[in-house]
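Engineer: Next one to model:
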Amino acid sequence: MSEKNREGKRAARDRLAEEREKRRVAEKRRRTLIVSAAVVCVLGLAAVIGVVAANSGDDSSGESSGSVAAPKGAAGKNSLAVPVGKDSAKSTLTVWEDFRCPACKSFEDGFRSTINELTDAGQLKAEYHTVALIDSNMGGSGSLRAGNAAACAQDAGKFTAYHDVLFENQPKETDDTFSDNGKLIDLAGKVDGLVTDSFKSCVNDGRHDGWIKKSYKAFQDAGHKGTPTVLLNGKNLMDDQSMTPAKLKKTVQDAAE
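Structural biologist: Coordinates of the predicted model:
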C-alpha cells in the first residue's frame, strides 16, 4: 500500500473518531438539558400545587378563612359538640349527624323519643356533632346551611326542638332544599319563640359556618366513615345489630342505678 493511501485512511479514521466524539458530546449535552428541564418542570409543578392548595383549601372539610364561632354552650373536645342533658348523667351518647343524611333521619325517627326521654330524665347526656358530609359527596350547601341554623338555634336555647324539626322535614337527599336560608327560617317558625331578628341574622350571615366545617374535619380526622356515627360511652352503637330504642333505654337506665 502506498504511503498516500495509508495517509488517506488515517485521515478518514481521524475524521470518523472526531465525528463520534462530537456526537457523544452533543448527546451528553442533550441528556443534560432534558434532565434539567424535567427537574424544573417537577419543581414548578410542586410549586403550583403548593400555591393552589394554600390559596384554595378544601372548604368541605376544613375551617373557613374567617374565625370559628362556636355556639353558646358548645362542649366536648375543641368545643365542637352541642350538649343536651345533664353533665351528671352516667351515660353519654355521642352523635355525628348530617341534616341531609337519610340514614340519620332513620336513626332519629327510631330513637328520637327515647333519647329525649332519657336526657330529660337526667339519665343520658347527648353530644351532637353536625357535619357536612352530604354536601361533600353530592354537592350543594344544605348540610352546612342547616348545621349553621341549628347552631343558631343553640344560641337561642332551642337546639333540641329545632334539631328535631329539621329531621322531621328533611328533603330528599338529592334535593338541596336546606341550602335556602329562607326555608330554614320558615321551619324555625315551628319552634315557639325561635324566629327573632337575632336568629335570622345568625342564619343569613352564616355565623357558625366555620364551626361546622371544623366539626366535619374532626369527623374525618377521627376516621369515621359515615353518618350517623353514634357512640354510647365510646362504643359504636351502630355495630350492635340488636340495638333497639328499648335496649338503649334499658342500658342507660341500668347504668344510672
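
Engineer: Can you give the distance from stretch 241-256 to the centre of its chain?
Structural biologist: Relative to the centre of its chain, stretch 241-256 is centred 30 Å away, using C-alpha atoms, centre = their mean, to the nearest Å.

Engineer: For that stretch, list every residue counted as buried.
Structural biologist: 243, 248-249, 251-252 (16 or more other C-beta atoms under 10 Å). Glycine gets a C-beta too; all of them are placed from N, C-alpha and C.

Engineer: how far away is the residue nearest to residue 164 when sequence neighbours are not counted from residue 244?
Structural biologist: Leaving aside its sequence neighbours, residue 164 sits nearest to residue 112 (C-beta to C-beta, 6 or more residues apart in numbering; 6.2 Å). Counting by C-beta to C-beta, to the nearest Å, the gap between residue 112 and residue 244 amounts to 14 Å.

Engineer: Specify the beta-bridge partners of residue 91.
Structural biologist: Taking DSSP bridges, one finds residue 124 as the beta-bridge partners of residue 91.

Engineer: That one against residue 231, yeah?
Structural biologist: No - contact between residue 91 and residue 231 fails when scored by C-beta atoms under 8 Å: they sit 10.8 Å apart.

Engineer: quick one, strands of the stretch 151-257 of the chain?
Structural biologist: For the stretch 151-257 of the chain, the strands defined by DSSP state E, counting those that start in this stretch occupy 229-232, 235-236.

Engineer: So what are the sheet partners of the last one and their directions?
Structural biologist: In other words, strand 235-236. When pairing is defined by DSSP bridges, strand 235-236 lines up against strand 229-232 (antiparallel).

Engineer: ok, residues contacting the partner strand?
Structural biologist: The contact list for strand 229-232 (C-beta atoms under 8 Å, 6 or more residues apart in numbering) reads 91-96, 107, 219, 236-238, 248, 251-252.

Engineer: and residue 115, what does it touch?
Structural biologist: Residue 115 neighbours (C-beta under 8 Å, 6+ apart): 93, 124, 126, 248.

Engineer: Please report the number of neighbouring residues for the closest residue to the first one other than its chain neighbours.
Structural biologist: If the residues on either side of it in the chain are set aside, residue 93 comes closest to residue 126, at 4.6 Å by C-beta to C-beta, 6+ apart. Neighbourhood size, residue 126 [other C-beta atoms under 10 Å]: 21.

Engineer: Helix, strand, or coil at residue 126?
Structural biologist: Here residue 126 is strand, with the state taken from DSSP: H, G, I helix; E, B strand; the rest coil.

Engineer: May I ask which two of the contacts of residue 115 are separated the most?
Structural biologist: 126 and 248 (11.4 Å; C-beta to C-beta).

Engineer: Compare the strands of the stretch 151-257 of the chain and give me the one nearest residue 138.
Structural biologist: strand 229-232 (18.5 Å).

Engineer: distance between the closest one and the chain's centre?
Structural biologist: Worked out by C-alpha atoms, centre = their mean, strand 229-232 lies 18 Å from the chain centre.

Engineer: contacting residues around residue 89?
Structural biologist: Counting by C-beta under 8 Å, 6+ apart, residue 89 has contacts 119, 122-125, 256.

Engineer: ok, and the most crowded of these?
Structural biologist: Taking other C-beta under 10 Å as the neighbour criterion, residue 124 ranks highest of the contacts of residue 89 with 28 neighbours.

Engineer: how near is that residue to residue 243?
Structural biologist: Taking C-beta to C-beta, one finds residue 124 at 14 Å from residue 243.
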